[in-house]
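Peer 1: Task: produce atomic coordinates for the following.
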Amino acid sequence: MRVIFSPLKILISLLALAFIFSCQRGESPPPGAAPPLKKAKINSPRNLQNAGQTGEKKSEAEYLRLIKASPEDRESMVSLGNLYLEKRDYDRAAEMFTTAVKTDKYLGTQGTVRSGPHQGLAEAYKGKKEYEKAMEEAGIAQALDPEAAAPHVILGEIYFLRGDLKKAREILTPYAGDRKASDLLGKIYGAAGDYDGDRESMISLGNLYLEKHDYDRAAEMFTKVIKADKYMGTQGSVCSEPHLGLAEAYKEKREYEKAAQEAGIALALDPKASAPNIILGEIYFLRGDLKKARETLEPYMSDQEACVLLARIYSITGDPLRAVKLFKDLLKNKYPDPEEIYTQIGDLYRKNGDFEQSISFYKKALGYPDKKVEALCSLGSVYLLDLDDIKDAEDAFSQAEKISPENEYVILGLAELNCAKGDFKKSESLYKKAIRLYPRNPDAHLCLSEVYRKQKNFTREEEEIGKALKLVPQNPRAYLGMGRALLEQGNLKAAEDALKKARRFSGNLTEPLPSTADLDLAFGDLYLSMGKDQDAKTEYNKALAGTAGEGVISDFGNYGLAIIAARNKNYLLSMRYLESCIKNPRVKKSVMEKMDKEFGPMKSMPEFQALVK
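Peer 2: All right, here's what the predicted structure looks like:
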């Protein structure tokens, strides 16, 4: 039921408001003086979370039921929009606030209450990084409710996010009494260098850089806080915080020695804190020392972050049941980021070859906007690499690209997809983009090296692997690739050295080999090229044992054994090995290329001719 106000009542209300505002306004400040601080209205839409919301917060289903029963229920629309904002589901939030705006126009809603949906829409667009639209909606909200702080704070935040710190500071300073504005101003003063001993602002800015993955500037900011603490003579456990931040920055930069040193200092400053120990445990984990990581983390199993790392360690070290139990316990105990656990469980099932279960858990993670991109990339990877389903992989990566086109995993996934489709030029371009945006990720270099390998550009392959090894010097996958690239170039001694390093570092379970059978096969190919047939035979048999006689590795293992048998003039045995692998088109192509060199005496045999026709 709509309430109709008479023109007389509206006029009386407006006159009363005008009288109140004239009493509150007071004298204007003199020219050039700083504007006075403005207090956020107690009942502003920002403080109430939405315009007109009263009573207990309802569930999404309840709000939808109310809206369906009463399509003009704008309060439920605004409340549901705010619920979506809390969940960071910005698309549905924008949709709901847009509906509320249209409803206001239809109902002829008047006054400041109309600003709520526009303000919510501004927040949604800001979350989607559509800053022009966000500014437009914040401007409308500001015009509808000029005394409210919230629209100004949103505008200030948008300028901050766009890097216009001067404009952001001008807008936010009059509203420094608002907590959000105050937090933003602290970050702005830090970014501008106006520290004035404000260590909290510097720490906040350092944490902001960590969130933005700008680890160089994060390290710089935390280092400045540490120097300021020494200068000011700051004492006690409070000093541990910047060392923890610096440890996080160094950890993400893969400077593990420095990270461990800073975490150790933080622990010495605050011995009872769990955070330094958990960072140390994670560093051990990332360096491949899983035993030490486990010893460090297990005393802190009451900490959920420690439990996540321990579950990953259990899954890597062959205790998947314990890992799954730990993950499910975390879900029961209301882990704040359940989507992360769903993704981890999906990874665990994928590792064990249960792709159906893996996909089901990745799909559960899709329900959380913050994890949707990562979940879509995980789905795309399963479809592409494990199920050879290019259509579903393309659909998953395309959805992820629409949400976050410059996300690291999106770019790498699209590059791998294009490589699988044979578009090497596009794949190469995407990998180079990933390297430009994320220069510390060795995977982009390794994947690009595979593109060059498929194009038989082994020199470029070797160059990219060398760049990956500079980032992660003990990566067995990189040494395996280096050994193969050098073998193709005929540099057999250097290839052997690289493969031996791959075998030496194969215990690095955080940068694991695809399988040990891959390395066995590479050694077999190397020794075959060196004429060490007995050593080659041993390695090929190890590769076959590691694959249970199935798959591409098995095919090439049998092919290598067929060559060795032919060299020993055991032609019937050679043909028996070939029978088990000749259906692989790559094997057949190699047989035809090496016909004269390896299978010359067999060319005239009818059985051999029938086999290779």
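Peer 1: Centre-most residue in the protein?
Peer 2: For the chain, E374 is the residue whose C-alpha lies nearest the centre (CA atoms, centre = their mean; 5.9 Å).
Peer 1: can you tell me which residues contact that one?
Peer 2: Counting by CB atoms under 8 Å, 6 or more residues apart in numbering, E374 touches T343, A365, Y409. Quick note: C-beta positions are derived from backbone N, CA and C, even for glycine.
Peer 1: give me that answer again for 7 Å
Peer 2: T343, Y409 (CB atoms under 7 Å, 6 or more residues apart in numbering).
Peer 1: start at 39 instead
Peer 2: With the count now opening at 39, the last piece we talked about shows up as E412.
Peer 1: and it, what helix or strand is that in?
Peer 2: helix 407-419 (DSSP states H and E).
Peer 1: Next secondary structure element downstream of that helix?
Peer 2: Downstream of helix 407-419 (by DSSP H and E), the next one is helix 428-441.
Peer 1: So for that next one, mean pLDDT?
Peer 2: For helix 428-441, mean pLDDT rounds to 94.
Peer 1: buried residues in it?
Peer 2: A431, E432, A434, F435, Q437, A438, E439 (16 or more other CB atoms under 10 Å).
Peer 1: Return the distance of E320 relative to A313.
Peer 2: Using CB to CB, to the nearest Å, E320 is found at 11 Å from A313.
Peer 1: now swap in D267 and tell me
Peer 2: In terms of CB to CB, D267 sits 18 Å off from A313.
Peer 1: Looking at these two, which is more packed in?
Peer 2: Taking other CB atoms under 10 Å, D267 and A313 do not tie; A313 has more neighbours (20 against 17).
Peer 1: secondary structure element for the residue lying closest to the more buried one once chain neighbours are set aside?
Peer 2: Of all residues not flanking A313 in the chain, L282 sits nearest, at 5.7 Å (CB to CB, 6 or more residues apart in numbering). Assigned by DSSP H and E, L282 falls within helix 278-290.
Peer 1: So what touches that helix?
Peer 2: With CB under 7 Å, 6+ apart, helix 278-290 has contacts from 241, 244-245, 248, 253, 256-257, 260-261, 263-264, 267, 296-297, 300-301, 303-304, 307-308, 311, 313-314, 317, 320-321.
Peer 1: try 8 Å this time
Peer 2: Contacts of helix 278-290 (CB under 8 Å, 6+ apart): 237, 240-241, 244-245, 247-248, 251, 253-254, 256-257, 259-261, 263-264, 267, 294, 296-298, 300-301, 303-305, 307-308, 311, 313-314, 317, 320-321, 324, 478.
Peer 1: same check, this time on stretch 420-438
Peer 2: For stretch 420-438, the external contacting residues (CB under 8 Å, 6+ apart) are 388, 393, 396-397, 400, 410-411, 414-415, 417-419, 445, 447-448, 451-452, 454-455, 458-459.
Peer 1: Which among those residues count as buried?
Peer 2: 388, 396-397, 400, 410-411, 414-415, 417-419, 445, 447-448, 451-452, 454-455.
Peer 1: what about G326, which SS state?
Peer 2: Here G326 is coil, with the state taken from DSSP: H, G, I helix; E, B strand; the rest coil.
Peer 1: That one against N513, yeah?
Peer 2: No - distance between G326 and N513: 9.7 Å, which falls outside the contact criterion (CB atoms under 8 Å).
Peer 1: Of those two, give the one with the bigger neighbour count.
Peer 2: N513 (26 against 20).
Peer 1: name the element R491 belongs to?
Peer 2: helix 480-492.
Peer 1: For the helix or strand just after that helix, name the packing helices and strands.
Peer 2: Per DSSP H and E, the first helix or strand lying C-terminal to helix 480-492 is helix 496-509. Applying 3 or more CB pairs under 8 Å, 6 or more residues apart in numbering; DSSP states H and E, we find helix 496-509 packed against helix 480-492, helix 514-526.
Peer 1: mind running it again at 10 Å?
Peer 2: helix 462-475, helix 480-492, helix 514-526, helix 530-542 (3 or more CB pairs under 10 Å, 6 or more residues apart in numbering; DSSP states H and E).
Peer 1: any idea how far the longest one is from the chain center?
Peer 2: On the basis of CA atoms, centre = their mean, to the nearest Å, the separation between the geometric centre of helix 462-475 and that of its chain is 18 Å.
Peer 1: if I look at E320 and A313, which residues touch both of them?
Peer 2: Residues touching both E320 and A313 (CB atoms under 10 Å, 6 or more residues apart in numbering): A285, E286, A301, E343, A344.
Peer 1: What subset of those residues is buried?
Peer 2: A285, E286, A301, E343, A344.
Peer 1: hang on, L348 packs against R360?
Peer 2: Yes - counting by CB atoms under 10 Å, L348 touches R360, with 8.9 Å between them.
Peer 1: So which of the two has more stuff around it?
Peer 2: Neighbours were counted for L348 and for R360 using other CB under 10 Å; L348 has more, 22 against 15.
Peer 1: ok, for that one, nearest residue in space, not its chain neighbours?
Peer 2: Nearest one to L348, counting by CB to CB, 6+ apart, is L335 at 5.3 Å.
Peer 1: and the one you found, what does it touch?
Peer 2: Counted by CB under 10 Å, 6+ apart, L335 has contacts 312, 315-316, 318-320, 322-323, 341, 343-348, 351.
Peer 1: The helix holding E412: how far from the chain's middle?
Peer 2: Per CA atoms, centre = their mean, the centroid offset for helix 407-419 relative to its chain is 9 Å.
Peer 1: on that earlier part again, got a pLDDT number for the residue nearest to L348?
Peer 2: Reading off the model, L335 has pLDDT 92.
Peer 1: Then L49?
Peer 2: The model's pLDDT for L49 equals 38.
Peer 1: And for K106?
Peer 2: For K106, the predicted pLDDT is 83.
Peer 1: helix or strand for it, which one?
Peer 2: helix 98-107.
Peer 1: May I see the buried residues of that helix?
Peer 2: Y101, L104, I105.
Peer 1: could you redo these as CSV and give each row distance to S567?
Peer 2: Output for these, formatted as CSV (distance: CB to CB, whole Å):
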residue, distance to S567
Y101, 69
L104, 74
I105, 71
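Peer 1: ok, N120 to E98 distance?
Peer 2: Counting by CB to CB, the gap from N120 to E98 is 11 Å.
Peer 1: do Y421 as well
Peer 2: 30 Å.
Peer 1: now do K626
Peer 2: 58 Å.
Peer 1: And for E124?
Peer 2: Relative to E98, and taking CB to CB, E124 is found at 11 Å.
Peer 1: Next: S419.
Peer 2: 31 Å.
Peer 1: what's in contact with whichever strand or helix holds F637?
Peer 2: Secondary structure from DSSP H and E places F637 in helix 633-637. Helix 633-637 is contacted from outside by 566, 597, 600-602, 604-605, 609, 612-613, 616, 628-630, 640-641, 643, 646, 650, using CB under 10 Å, 6+ apart.
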